[in-house]
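Student: Next one to model:
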Amino acid sequence: MFLSRIKDLVVSALIAGTIMESIANKTHNSRKKAIRKENASFYRSLTVGTMDACYWDHKKTTVKLIDKRIKHNSWGVDFLALAFESKNSSIFNSEGMVFYTLSKWYGDIPKSTSMLTLLLCTLCPAFIWLFLKEKSGSNRKSDSHKGPHVAHEKNTCMYLVYCIFLGLYAHFMLIVLTFEFKWNWEVPLLVWILAFFVEEAIQIAQFNNEQKNKSRKTQRGKSSCRSFHNLKKNVRLYLQDEWNVLDICCILGFIIGYTLRWISATYDYGRLFLSINCMCFIWRFLQAFTLSKTIGPMLYMMFKMVKDLLPFLVILCVALFSYAVSAEAILYPNSVWSIDFVLHIPVTAFWLIFGQLDFLEELESMITKLCN
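Tutor: Numbers count the residues shown, from 1 in each chain. Here you go, the predicted model:
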């Protein structure tokens, strides 16, 4: 009855499968849970079967069907977003969805186009009119550079340019950095950092524009005080991406380090900030490997491992601090308080983890003096 009254079979079956899956996860009775899991699989199979049947009947119709059902459906939900949220991997493995992904990946560019042609058109869009051929029946040649495949090539070129920036930054830190301003090296570096800042601001503005477009459709005539609330929401969405957080840390770290560099009393601290900041910018290059089939999953596992390691590090820090204070109180009673003394306490205990037992000679000499 649920499916017979709905026209959008693909979306309706996916929603029904998602509902049954959530109900099954909250069911404690094993028999009922198995039945509901089976029903959820049945509804998902209707989605996959419909797309595959459409694919075998007419491939181009599959693209139009999925495009139409992504956002414009009777439920008012995003079909692909719902598929991602409910983790329906079988949907993305279906032949119809694979064909849809490939068609969107290449856009209006023929698959026979060589990689060199794509790189030339990416570096200079004017070459699109010379090298790229139109697909049969397609008159959208000017939109060829907007496809995801071309966007991927643009990102590749951007990472190559980013390597030049890293080389400039490394040369600045290793050779150029002094108390004097050297405009031929520092001006390009400052312009690059400003470009990074503008790029991050544009990303937040794009989130804001998308939210405004949604609010215009749903709530017209509302007060403008919601714009500030939407901005805060978009900033939170922006910071959900770990790479964006690293971008902000890199930009702020450079500003702090470059400012401290011009003060004679804090020049060394400025060099320290800029050195750590250079290291963060190099880490930022790891995003280029996230799309790799081999390195991408390894990076994901490393990030997950670091999150799982944090509770252990908290326990280690507590144990390390307790041992450091106790050992320092036993070996060096009545010490004079100072910043160096406070920083020295955890350092000695930390190196003990790696087998640095230099204090044993001092301890033996103290015992020998007491025995004599």
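Student: Mind listing what's buried along stretch 253-267?
Tutor: Of the residues in stretch 253-267, 253, 254, 257, 258, 260, 261 count as buried by neighbour count, 16 or more other Cβ atoms under 10 Å. In this view, the C-beta of every residue, glycine as well, is placed from N, C-alpha and C.
Student: do stretch 318-329 as well
Tutor: Neighbour-count burial for stretch 318-329, with 16+ other Cβ under 10 Å as criterion, is recorded at 320, 324, 327, 328.
Student: Quick check: the gap between the last one and residue 275.
Tutor: As for residue 328, its distance to residue 275 is 30 Å (criterion: Cβ to Cβ, to the nearest Å).
Student: Mean confidence (pLDDT) on the strand or helix carrying residue 344, please.
Tutor: Residue 344 belongs to helix 339-352 when assigned by DSSP states H and E. Helix 339-352 carries an average pLDDT of 80.
Student: Point out the other elements, helices or strands, that it touches.
Tutor: Contacts defined by 3 or more Cβ pairs under 8 Å, 6 or more residues apart in numbering; DSSP states H and E place helix 339-352 against helix 295-331.
Student: Any idea how far the helix it packs on is from the middle of the chain?
Tutor: Here helix 295-331 is found 24 Å from its chain centre; the criterion is Cα atoms, centre = their mean, to the nearest Å.
Student: likewise stretch 50-69?
Tutor: Relative to its parent chain, stretch 50-69 has a centroid offset of 32 Å by Cα atoms, centre = their mean.
Student: so residue 92 makes contact with residue 83?
Tutor: Yes: using Cβ atoms under 8 Å, residue 92 is in contact with residue 83, at 7.0 Å.
Student: who's more crowded, the two?
Tutor: Legend: neighbour count by other Cβ atoms under 10 Å for residue 92 and residue 83, higher for residue 83 (21 against 14).
Student: And the nearest residue in space to the more buried one that is not next to it in sequence, what's its pLDDT?
Tutor: By the measure of Cβ to Cβ, 6 or more residues apart in numbering, the closest residue to residue 83 outside its immediate chain neighbours is residue 91, 5.0 Å from it. Listed pLDDT for residue 91 reads 75.
Student: Other residues contacting stretch 294-313?
Tutor: Stretch 294-313 has contacts (Cβ atoms under 8 Å, 6 or more residues apart in numbering) with 242, 286, 289, 290.
Student: so where's the stretch 101-250 of the chain uncertain?
Tutor: 102, 104-156, 207-230 (pLDDT under 70).
Student: chain center to the helix holding residue 344: distance?
Tutor: With Cα atoms, centre = their mean, you get 36 Å for helix 339-352.
Student: Also stretch 30-40?
Tutor: Here stretch 30-40 is found 36 Å from its chain centre; the criterion is Cα atoms, centre = their mean.
Student: Buried residues in that stretch, which are they?
Tutor: For stretch 30-40, by 16+ other Cβ under 10 Å, it's 36, 37, 39, 40.
Student: Max pairwise distance over the residues you listed: which two?
Tutor: Using Cβ to Cβ, those reach their maximum pairwise distance at 37 and 39, which is 7.3 Å.
Student: so what's in contact with the two at the same time?
Tutor: residue 20.
Student: Neighbours of residue 350, how many?
Tutor: Residues near residue 350, counting by other Cβ under 10 Å, number 14.
Student: Does it touch residue 321 like I think?
Tutor: No: between residue 350 and residue 321 there is no contact under Cβ under 8 Å: 10.3 Å.
Student: can I get the CA coordinates of stretch 55-62 in PDB?
Tutor: Provided in PDB are the C-alpha atoms of stretch 55-62 (Å, rounded to 0.1, in the frame of the first residue of the first chain):
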ATOM      1  CA  TYR A  55      19.600   1.000 -17.700                       C
ATOM      2  CA  TRP A  56      19.100  -2.100 -19.800                       C
ATOM      3  CA  ASP A  57      16.100  -0.700 -21.500                       C
ATOM      4  CA  HIS A  58      17.500   2.700 -22.400                       C
ATOM      5  CA  LYS A  59      20.800   4.100 -20.900                       C
ATOM      6  CA  LYS A  60      20.200   7.800 -21.500                       C
ATOM      7  CA  THR A  61      16.800   7.500 -19.800                       C
ATOM      8  CA  THR A  62      18.600   6.300 -16.700                       C
END
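Student: which outside residues touch that stretch?
Tutor: Counting by Cβ under 8 Å, 6+ apart, 51, 54, 94, 95, 96, 99, 100 sit against stretch 55-62.
Student: Find the helix or strand that the second one is a member of.
Tutor: Under the criterion DSSP H and E, the helix or strand holding residue 54 is helix 30-57.
Student: With residue 232 instead?
Tutor: helix 226-239.
Student: Check which element follows that helix along the chain.
Tutor: helix 242-261.
Student: what's the angle from that next one to helix 295-331?
Tutor: 50 degrees (axes from the mean of the first three to the mean of the last three Cα atoms, to 10 degrees).
Student: now the angle from the following helix or strand past helix 242-261 to helix 242-261?
Tutor: Later in the chain than helix 242-261, the nearest helix or strand by DSSP H and E is helix 267-284. Orientation note: helix 267-284 sits at an angle of 160 degrees relative to helix 242-261 (the same axes, to 10 degrees).
Student: what number of residues lie near residue 240?
Tutor: Using other Cβ under 10 Å, the number of residues around residue 240 comes to 9.
Student: so where does residue 27 fall, helix or strand?
Tutor: Per DSSP H and E: nothing holds residue 27, as it lies in no helix or strand.
Student: wait, doesn't residue 274 sit right on residue 173?
Tutor: Yes: between residue 274 and residue 173 there is a contact under Cβ under 8 Å: 6.2 Å.
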